[in-house]
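S.K.: Here's my sequence, what's the structure:
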Amino acid sequence: GAHAGRRHAIFAVPFKALADEHFERLRERYADYLSVVISDGDWSEYDDDIRRGNYGLAVATYEKLHALMVQTPGLIDQLSVLVVDEVQLLGDPTRGPGLELMLTRVLNQPSAPRVVALSASLDDLGPLAHWLRATPVVSQDRPVTLTECVAAPSGGAVTVVNGDVREVRKFAPAPDREALLDGVCRALVAEGCQVLVFRSTVKPTRETAERLVGQLPAKGIPEAIGHELSLIEDPDELAVLQRCLASGVAFHNGDLSAQERRAVEKAFREGTARVLVSTTTLAMGVNLPTDWVVIADSTRWTPRGPADVPVQEYKNAAGRAGRLGQRTAGYSLLLSDSIPARRQLLQNYVVGAPEPIESQLPRHPVEDTVFYLLCAELAHPADELVEYL
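M.R.: Numbering: from 1, shown residues only. Take a look at the predicted model:
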C-alpha cells in the first residue's frame, strides 16, 4: 500500500527486540522497492527522515511512534497504513494507556490511515473491532500441533484431553519449582531438544542461565557466534554471555544492548544455544524456533503486589513452541509448586480463555491524560477535553 500509493506505512511494535527483527526481515524483503527505516530506543538515526516523510516503510516501538507523532503533527496525514502488532496490550496496565491514546489520536484524524491490528492471543474481541472501525479476520488454525502441559515438583507433566487429565511424560522429582526447572532443562537438552524458558522479570533470566551453566556440558562457542560476541563493547556482559554460550545457554532481556540481543538470538536460531532464558517480552512475535517452551512463573510482582500472569500472556508464550516449517510439533510446560497448584493452573491457563481487552485509561491518573492532551495540542478548552475523553 505504501509503495503503490506513494505514501507511507508504519509497523508499530511493543518491544525493541521485535522492532529489530521486523526491520531486518522487511528490509531484506522490500529494500528494492521501499526505503525501510526503524525508530526505537536503540535506533534514532532515521528519526529525521521519518519526520520529513523520507521513507516508505518504518518500524517503530509504540512509545517512539507516540513521541514522533507529538513532535510532528502531520506525521499521521502522510500514512496510508498503520499496522499495530500485539494490540492486546491495550489491556496492559502499563502499556495500555499510552497505546490507547496513540490509537485514539490516529482514529480521530480527518484523513485517518487504514489501521491493521494484529494479535495471536485474543479469543473475544469484545468492542475492540467496533472501536477500531475494523472488520475482524479471525483464524483458529495452527499448522503445528501444540501440547500444553503443567508439571509439579513430583515430576509428572499433565495435560487436559476432552476434559480428562492425562500424564504426558515424567520428569525427575525435585524439591521445588526452581530445581524442577533445572531438571527439565537438563532432561530436554539430553534428548536433543531446544528449550525456551520464560521468567516473569528480568533478574531471574540471568540467574537461571548462570545456574544452568554448571549443569550442562561445555562444548565451546562456534566461530560464527564468537564473531558476533566480539562486536559487543561491554566487557562484563561479554564475559557472562561467553561463559553461558560455551555451555549452550543464553539469556535475553530488556537490559541487553541491541548487539547483545542479536548475538543471543542468532545463537538460538543456529542451535548453538540449546536453552534460552528470557522475559515474556520475547514471546511477542520474535520468531525463535523451539521444541519446548517452559513457563517457569505463573505470578509476578507488580507495584500493587503479586499478581497472576494474564492468560493472554501465557498463551502467547506457549505458542512459541513448534514453528511452521521448522518443527513438526511443539510442547509447552507451565511449572507449579505442588500437585493442588498444578490442578488449578490447568484450569486457569490450559483450559482457560484469554481475558477480554479492557481499557486501562479509567485506572490511569486522569491528570496525566489531560496533561498529554494539552501538550500534544489535541484539546484546549474544557469542553474539548471532555469530548476527547
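
S.K.: you'd agree residue 72 is up against residue 51?
M.R.: Yes - with contact taken as C-beta atoms under 8 Å, residue 72 and residue 51 are classed as touching, separated by 4.6 Å. All C-beta spots, glycine's among them, are computed from the backbone N, C-alpha and C.

S.K.: any idea where the helices of the stretch 51-200 of the chain begin and end?
M.R.: For the stretch 51-200 of the chain, the helices defined by DSSP state H, counting those that start in this stretch occupy 62-71, 96-107, 128-132, 177-190.

S.K.: quick one, what contacts residue 266?
M.R.: 224-225, 228 (C-beta atoms under 8 Å, 6 or more residues apart in numbering).

S.K.: ok, back up a step: same list (the helices of the stretch 51-200 of the chain) but as TSV, adding mean neighbour count and mean pLDDT.
M.R.: Formatted as TSV, those follow (neighbours: other C-beta atoms under 10 Å; pLDDT from 0 to 100):
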stretch	mean neighbour count	mean pLDDT
helix 62-71	19	91
helix 96-107	20	92
helix 128-132	16	91
helix 177-190	19	96
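
S.K.: Out of the ones you listed, which is closest to residue 343?
M.R.: Among the helices of the stretch 51-200 of the chain, helix 177-190 comes nearest to residue 343, with 15.4 Å by C-beta to C-beta.

S.K.: Let's have the helices of the stretch 51-200 of the chain in TSV, adding distance to residue 334.
M.R.: Conversion of those to TSV gives the following (distance: least, C-beta to C-beta, whole Å):
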stretch	distance to residue 334
helix 62-71	28
helix 96-107	25
helix 128-132	27
helix 177-190	11
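
S.K.: For residue 232, which of these is the nearest?
M.R.: Ranking the helices of the stretch 51-200 of the chain by proximity to residue 232 (C-beta to C-beta) places helix 62-71 first, at 23.6 Å.

S.K.: Could I get the CA-only coordinates of that closest one as CSV?
M.R.: Output of helix 62-71 as CSV, limited to C-alpha atoms (Å, rounded to 0.1, in the frame of the first residue of the first chain):
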residue,chain,number,x,y,z
TYR,A,62,4.8,2.2,20.5
GLU,A,63,6.5,4.8,22.6
LYS,A,64,8.8,6.1,19.9
LEU,A,65,6.0,6.4,17.4
HIS,A,66,3.9,8.2,20.0
ALA,A,67,6.7,10.7,20.6
LEU,A,68,7.2,11.2,16.8
MET,A,69,3.5,11.9,16.4
VAL,A,70,3.7,14.6,19.1
GLN,A,71,6.8,16.2,17.6
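
S.K.: what comes into contact with that helix?
M.R.: Contacts for helix 62-71 (C-beta under 8 Å, 6+ apart): 10, 12-14, 39-41, 47, 50-51, 60, 75-76, 89, 95, 98-99, 101-102, 105, 375-376.

S.K.: and it, how far from the chain's centre?
M.R.: The chain centroid and the centroid of helix 62-71 are separated by 20 Å, computed with C-alpha atoms, centre = their mean, to the nearest Å.

S.K.: That helix to helix 96-107, inter-axis angle?
M.R.: If you take axes from the mean of the first three to the mean of the last three C-alpha atoms, to 10 degrees, helix 62-71 sits at 40 degrees to helix 96-107.

S.K.: name the helices or strands packed onto the one helix or strand in the chain whose mean pLDDT sits lowest?
M.R.: Here the helix or strand of the chain ranked lowest by mean pLDDT, DSSP states H and E is helix 223-230, holding a mean of 82. Helices and strands touching helix 223-230, by 3 or more C-beta pairs under 8 Å, 6 or more residues apart in numbering; DSSP states H and E, are helix 235-246, helix 258-269.

S.K.: List the buried residues in it.
M.R.: Using 16 or more other C-beta atoms under 10 Å as the test for burial, helix 223-230 gives 225, 228-229.

S.K.: try stretch 204-216
M.R.: Buried, per 16+ other C-beta under 10 Å, within stretch 204-216: 204-206, 208-213, 216.
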